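1. Quick check, what structure comes out for this input:
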Amino acid sequence: MPTVVRTVARAVVKSGILLSLLAWVIPLASALFGVALDWAHVLAAAVWVGGLAMMALIAPLLRSQPSLLHAIVRRFTWLAGSAVIALVASGTVQAIFEVGSFDALVNTAYGQGVLLKV
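-> Numbers count the residues shown, from 1 in each chain. Sure thing, here's the model as predicted:
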């Protein structure tokens, strides 16, 4: 990997960690937990959505090889299911910590945004 690409990749990762930490203005232990949840949530979404995009791209190319396409779909189905479970679990825990109450879930813009995602 070229040096410039590595440097940019490191800067992006460090910026993401910093921004995640800044988003949690609470004690460090809770902040680290929040950062881990944020990263798990984003990673799960990326795996799921990115995988769907790749499936949409390769499926037409593999129509002439149905057994290979079936094997790929079977493997992706397991991966996508795991990603969705991680996405729902991390999102639920984040919502519990960030929204705080049912009243806030219904009556705040952030809470309503969470409800729209669900």
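
2. Where do the helices of this structure begin and end?
-> Here the chain has its helices, by DSSP state H, at 3-23, 28-58, 66-99, 102-107, 109-117.

3. for the longest one, packing partners?
-> Yep, that's helix 66-99 we're talking about. Applying 3 or more Cβ pairs under 8 Å, 6 or more residues apart in numbering; DSSP states H and E, one finds that helix 66-99 contacts helix 28-58, helix 109-117. Placement of C-beta: from N, CA and C, glycine included.

4. at 6 Å what do you get?
-> Contact here means 3 or more Cβ pairs under 6 Å, 6 or more residues apart in numbering; DSSP states H and E; on that basis helix 66-99 packs against helix 28-58.

5. before we move on, the earlier item: the helices of the chain into a markdown table, with extra columns for mean neighbour count?
-> Formatted as a markdown table, the helices of the chain follow (neighbours: other Cβ atoms under 10 Å):
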| stretch | mean neighbour count |
| --- | --- |
| helix 3-23 | 11 |
| helix 28-58 | 15 |
| helix 66-99 | 14 |
| helix 102-107 | 12 |
| helix 109-117 | 12 |
